[in-house]
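>>> Following is a predicted model, sequence given first.
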Amino acid sequence: MTNKTNDPALKSWIDVPPNCDFPIQNLPFGIYSTNSKDRRVGVAIGEKILDLYFLNKNGYLNDLPFTEKDFNCDFLNNMMLHGKQNVSNLRARVSTLLSNDNNEIKNNENQLNQLFDNQDKAQMHLPVKIGDYTDFYSSEQHAYNVGCMFRDPNNALLPNWKHIPVGYHGRSSSIIVSGEPVIRPKGQQKLDNQENPVFGPCKLLDFELEMGFITFEGKPLGETISTDEADDYIFGMCLFNDWSARDIQKWEYVPLGPFLAKNFASSMSPWIVTIDALEPFRIPGPNQEPAVLPYLEYNGDKHLDINLEVAIKAPNQKEKIVSNSNYKHMYWNMNQQLAHHSINGCDIHCGDLLASGTISGPNEGSYGSMLEISWKGTKPVDMPDGTQRRFINDGDTVTMRGYSEKNGVRIGFGEVKSEILPSK
Ligand code: CA
């Protein structure tokens, strides 16, 4: 539900430049450090970060149940363990303190230097200690494209696809934050014209444009979370690049699915944009036909309108935008994914990450992976320096960005960016 923190008329006494991702209506949470500060919880506002550790220490959060250990720590998990309502109240309190008509901080000039840091002087860190990571496969166009390429255009979707939010358990240990480079993986590959597999650096390295959501502590093992209850267990969202080694994937994925083609690295953006901030951008989802089973039915608008783009940049070259997509193209929404994940009694915990699967829109310019953009390498992309890309080269930097915009308010996710380094 929208509330006063979403009001388009709200303005902050902190300067927010035009087209900035972080107006007062956003207030995403992250973990940052500076030359003089250890890792701690911060909230992005304009080009600044509000230091929640000092905010709490100086008594501005006295009416809330948070303590020093919730903010003076390496991850957001301690804060998130207080649950949806308390974290919503915390964000609302920050909104009040930063709004134009509030002087509580603004007039304490001796505290301002301590309370605010510049984003360009701060180091962002992995925001969440991720327990379990699940990757879905919830964009119909992506599933259709892959089905066309590798199976049959007339039966591109597998029979279960419109009945089950298909997913697999990924690996959390190799999830990295934006800015950290990715080393090209090595592994077994076997091309169609080869009799035996070979071992070596991946030749078909790809990105997958995804978004992820982070959960609050769920219910005990054996209990389920309904689509209606799911809102209470979703903290917020980030941009997510599920790096994929297509040649390793093709050889290994039968019969049990993705393994080493996926778990060498996945990159996430550092700021977690809360579901509270995204409420104004809810939209209806696609008509789901055939009808889903009752536990996957949902009430209200649970899809979100979030513009997404992907850029590739070679060293010392201009970047090339290779995809403009939107999170609204998802067939299954987060509530359905969470309900499905827990319908067998699987327990969800504070800091789990559930990713969308590659988000592809209906036309070529909106596909979410090079596999689809170059259509298995048959349609190379022209780069600004005259070279072409079918997949990702060493030295390339892939950047994903995302934002929602309505009534003059832009809720941005910042970016997730990684450079590809040669195999070791
Ligand atoms: Ca994926």
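Perfect, thanks for sending it. Residues are numbered from 1 along each chain as shown.

>>> how much space between the residue in the stretch 101-250 of the chain positioned nearest to the ion and residue 258?
With Cβ to the ion, the shortest gap between the stretch 101-250 of the chain and the ion falls at residue 242, namely 3.7 Å. Any C-beta I mention is one placed from the backbone N, CA and C, and that applies to glycine too. According to Cβ to Cβ, to the nearest Å, residue 242 stands 9 Å off from residue 258.

>>> joint contacts of the two?
Common contacts of residue 242 and residue 258 (Cβ atoms under 8 Å, 6 or more residues apart in numbering): 135, 170.

>>> between these two, who's got more neighbours?
residue 242 (26 against 20; other Cβ atoms under 10 Å).

>>> what's near enough to touch the more buried one?
135, 170, 207-208, 210, 262, 266, 355, 358.

>>> Quick one, grab the pLDDT at it.
Listed pLDDT for residue 242 reads 98.

>>> For the closest residue to it other than its chain neighbours, give me its contacts.
Nearest non-adjacent residue to residue 242, counting by Cβ to Cβ, 6 or more residues apart in numbering: residue 208, 4.0 Å away. Residue 208 makes contact with 241-244, 357-358, 368-369, according to Cβ under 8 Å, 6+ apart.

>>> Which ones among the residues you listed map onto strands?
241, 244 (DSSP state E).

>>> Among the contacts of residue 208, which pair sits farthest apart?
Greatest spacing in the contacts of residue 208, by Cβ to Cβ: 243 and 357 (14.0 Å).

>>> Show me the contacts of residue 242 that map onto strands.
Counting by DSSP E, the contacts of residue 242 place 135, 210, 266, 355 in strands.

>>> contacting residues around the first one?
When you say that, I think you mean residue 135. Residue 135 makes contact with 167-168, 170, 210, 242, 258, 262, 355, 357, according to Cβ under 8 Å, 6+ apart.

>>> can you narrow the contacts of residue 242 to ones near the ion?
Among the contacts of residue 242, the ones lying near the ion by Cβ under 5 Å from the ion are 135, 208.

>>> Just give the number of residues close to residue 297.
14.

>>> The residue lying closest to residue 328 once chain neighbours are set aside - how many residues pack around it?
Residue nearest to residue 328 in three dimensions, not counting chain neighbours: residue 305, with 4.9 Å by Cβ to Cβ, 6+ apart. Look at residue 305: counted by other Cβ under 10 Å, it has 16 neighbours.

>>> cool, and the one 5 residues further on?
Counted with other Cβ under 10 Å, residues neighbouring residue 310 total 26.

>>> With residue 151 instead?
12.

>>> Quick one: residues contacting it.
Applying Cβ under 8 Å, 6+ apart, no residues contact residue 151.

>>> do you know how far residue 14 is from residue 46?
5 Å.
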